[in-house]
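Participant: I would like the atomic coordinates for the input below:
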Amino acid sequence: MRSRLNENGLEVNPTKSRNISFGRFERDNAKAQNRRANTFDFLGFTHYCDRPRKGNFKVGRKTSRKKYTVKCREMNAWLKAVRNQVKAKEWWKILIAKLRGHYQYYGVSENYKGIVRFYKYTVGKVRKWMNRRSQKRKMSWDRFTKYLEHYPLPKPKIVHSFYVSCVR
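Facilitator: Below you'll find the model as predicted:
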């Protein structure tokens, strides 16, 4: 494979590349060798060996832990920076677009828990940074929930389903 890549002027980064056992027998082999089954990260997802209800092999995907923490830090920093710079109704539109973009990328089959976790994290940080804008009385969770009913954020949903022809 390296020679084929070299023909096209490409090279493999040895720190990021390795051969792993992966496939329908990986779970059984790992159990026999008293180790955990191999996983790998690619394009922001952790790919792992999974079994559907029928018991065959399938590739499972979930948000990579590294990418999740980076996205959470970025969201927190953005909310902290924008809270006092402009009015809330101006940055609320950007927040909606950020959440929708996250769902568009990470909203794949079997990753619902990952996008719900990011949604809950974001809602908590929005409340935190909205409460720290001034010396006024803080917004309780009840008031904040009513605020979200009036100015809703997009709910997490699976956008790309690998097992159904169309998702609505």
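Participant: what is the helix or strand where Tyr48 lies packed up against?
Facilitator: Applying DSSP states H and E as the criterion places Tyr48 in strand 45-50. If contacts are counted by 3 or more CB pairs under 8 Å, 6 or more residues apart in numbering; DSSP states H and E, strand 45-50 sits against strand 40-42, strand 58-63. From N, CA and C alone the C-beta is placed, and that goes for glycine too.
Participant: just say which of those strands is most tucked in.
Facilitator: strand 58-63 (a mean of 18; mean count of other CB atoms under 10 Å).
Participant: which outside residues touch that strand?
Facilitator: Contacts of strand 58-63 from elsewhere in the structure, counted by CB atoms under 8 Å, 6 or more residues apart in numbering, are 44-52, 106, 108-111, 113-115, 118.
Participant: a markdown table for the helices and strands packed on strand 45-50, including distance to Leu79?
Facilitator: Below are the helices and strands packed on strand 45-50 laid out as a markdown table (distance: least, CB to CB, whole Å):
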| stretch | distance to Leu79 |
| --- | --- |
| strand 40-42 | 26 |
| strand 58-63 | 20 |
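Participant: among those strands, which gets the worst mean confidence?
Facilitator: Lowest mean pLDDT within the helices and strands packed on strand 45-50: strand 40-42, a mean of 85.
Participant: and it, what other elements does it pack with?
Facilitator: So strand 40-42, by 3+ CB pairs under 8 Å, 6+ apart, packs with strand 45-50.
Participant: confidence score at Ser165?
Facilitator: So Ser165 comes in at 59 (pLDDT).
Participant: so what's the gap between the helix-or-strand element of the chain with minimal mean pLDDT and the chain middle?
Facilitator: Lowest by mean pLDDT, DSSP states H and E among the helices and strands of the chain is helix 26-32, with a mean of 80. With CA atoms, centre = their mean, to the nearest Å as the basis, helix 26-32 stands 28 Å off its chain's centre.
Participant: for it, buried residues please.
Facilitator: Neighbour-count burial for helix 26-32 flags Glu26, Arg27 (criterion: 16 or more other CB atoms under 10 Å).
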